[in-house]
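1. quick one: sequence plus predicted model below, questions after.
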Amino acid sequence: MTHAAYPALRLRRTRRHAWSRAMVAENILTPADLIWPLFVTEGTQVEEPISTLPGVSRWSVDLLVERAKEAAAAGIPCLALFPNTPAALRSERGEEALNPDNLMCRASRAIKEAGVPIGILTDVALDPYTAHGHDGLLDGEGLVLNDETMEILVEQALNQARNGADIIAPSDMMDGRIGLIRAALEQEGLINVQIMAYAAKYASAFYGPFRDAVSSRGLLKGDKKNYQMDSANSEEALREVALDLAEGADTVMVKPGLPYLDIVALVKRRFEVPVFAYQVSGEYAMIEAAVAAGAGERDGLVMETLMAFKRAGASGVLTYHALHAARLMGG
């Protein structure tokens, strides 16, 4: 293709006015692109600020419903829920994950019963429920057992789906779990429950504040490198995505976010399916630390990073800045 050259071509012409920049913008960010992760804790009228996530709190179920109403009013289409399970309810096998009255299920039901017009995404993994902080059952050497873990994950997914979850999001990285969960949902008649697979979830240094939020950091024995992905690998991510889609995932996720934008772009180009990215707790904390240090301005940092996800091909972003960003966009 032949283009005109300077001075006939001046690319700055379309940048001169805000109306013109808006008219030729290649990507548009709206509140509908956001999913807001929220942490649930026990009690009534409880808000527990999380020190390593400034501006983020754990909420009791009653106050979580109010946050859901705020999110819906701002145009956010979906919430991602994570429980802060009390220590007394944690066990080696994470049986609390199967309790229909656990924090996750109570929160989902409460939002539905309040009639809040918002989707609910629930995390499927055992780390919020285990005494050892891992996403599954351990063998005698401390390695996570794949097939034995999947049996519990299927029951956990069904438990969440029966209690109001619209999207089941397995974050455990066990091989084969998407197919088993999809088959179980079909058998139960829960055919409209979506699966958003954490398809490319990396063993990352950016998860620390999240583990504080669900009180698993001090419990974790060893690391998660024997089941989460190696940050050196990208082709492996494509294999993981291909498997999850073949097993019945409706959408896929890349986690963390900004350090893995190349993976988001690769997945979108290869598979042409809805791809979501999780701007994880460490990424959020870094922005807040920059703001606190006077090194950057929050609004600009938030909106620019979110646009980076859209530019890379993400259909949406899970971010702790979701409500703030939605309100900046006029939601």
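-> Nice, thanks for sending it over.
2. which helix or strand contains residue 122?
-> Using DSSP states H and E, residue 122 sits in strand 119-124.
3. how far is the lowest-mean-pLDDT helix or strand in the chain from where the chain is centred?
-> Lowest mean confidence among the helices and strands of the chain (mean pLDDT, DSSP states H and E): helix 208-213, at a mean of 88. Distance of helix 208-213 from its chain centroid, counting by C-alpha atoms, centre = their mean, to the nearest Å, is 14 Å.
4. contacts for it?
-> 39, 50-53, 56, 58, 82, 84, 133, 217, 220, 280-282, 284-285 (C-beta atoms under 8 Å, 6 or more residues apart in numbering). Bear in mind the C-beta positions are built from the backbone N, C-alpha and C, glycine included.
5. buried subset of these as a PyMOL selection?
-> A single PyMOL command selects the buried members of the contacts of helix 208-213 (16 or more other C-beta atoms under 10 Å):
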select buried, resi 39+50+52+53+56+58+82+84+133+280+281+282+284+285
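6. ranges for the helices of the stretch 1-150 of the chain?
-> Along the stretch 1-150 of the chain, counting by DSSP state H, counting those that start in this stretch, helices occupy 18-23, 61-73, 103-113, 146-162.
7. okay if I get the ones you listed as a markdown table plus mean neighbour count and mean pLDDT?
-> Output for these, formatted as a markdown table (neighbours: other C-beta atoms under 10 Å; pLDDT from 0 to 100):
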| stretch | mean neighbour count | mean pLDDT |
| --- | --- | --- |
| helix 18-23 | 9 | 95 |
| helix 61-73 | 18 | 98 |
| helix 103-113 | 22 | 98 |
| helix 146-162 | 20 | 97 |
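8. identify whichever of those helices lies nearest to residue 201.
-> Nearest to residue 201 among the helices of the stretch 1-150 of the chain is helix 146-162 (14.1 Å), distances taken as C-beta to C-beta.
9. counting contacts, what elements does the closest one pack onto?
-> helix 103-113, strand 119-124, strand 167-170, helix 177-187 (3 or more C-beta pairs under 8 Å, 6 or more residues apart in numbering; DSSP states H and E).
10. in JSON lines: those, plus distance to residue 328.
-> Output for those, formatted as JSON lines (distance: least, C-beta to C-beta, whole Å):
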{"stretch": "helix 103-113", "distance to residue 328": "24"}
{"stretch": "strand 119-124", "distance to residue 328": "22"}
{"stretch": "strand 167-170", "distance to residue 328": "25"}
{"stretch": "helix 177-187", "distance to residue 328": "35"}
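11. which stretch among those comes nearest residue 160?
-> Nearest of those (C-beta to C-beta): strand 119-124, 4.3 Å.
12. report the buried residues of that closest one.
-> Under the neighbour-count rule (16+ other C-beta under 10 Å), strand 119-124 has 119-124 buried.
13. which ones are touching the closest residue to residue 252 other than its chain neighbours?
-> Of all residues not flanking residue 252 in the chain, residue 199 sits nearest, at 4.0 Å (C-beta to C-beta, 6 or more residues apart in numbering). Each residue near residue 199 by C-beta under 8 Å, 6+ apart is listed here: 237, 240-241, 243-245, 249, 252-254, 267.
14. got the phi and psi for residue 199?
-> When read as degrees, to the nearest 10, the backbone of residue 199 gives phi -80, psi -40.
15. please begin residue numbering at 50 from this point
-> I'll keep to 50 as the first residue from here, and by that count the last item is residue 248.
16. and the average pLDDT for stretch 346-365 is what?
-> Average pLDDT, stretch 346-365: 98.
17. I would like the residues contacting that stretch, please.
-> 75-78, 81-84, 300, 303, 306-307, 310-311, 313-314, 316-318, 323-326, 328, 332, 336-337, 339-340, 366, 368, 370, 373-374, 377.
18. and the residues you listed, which of them are in helices?
-> Using DSSP state H, the members of the contacts of stretch 346-365 that fall in helices are 310-311, 313-314, 316-318, 332, 336-337, 339-340, 373-374, 377.
19. which single one of those is nearest to residue 69?
-> Closest to residue 69, out of all of these and judged by C-beta to C-beta, is residue 377, at 21.4 Å.
20. count of neighbours near the closest residue to the closest one other than its chain neighbours?
-> If the residues on either side of it in the chain are set aside, residue 377 comes closest to residue 348, at 5.8 Å by C-beta to C-beta, 6+ apart. For residue 348, the neighbour count with other C-beta atoms under 10 Å is 13.
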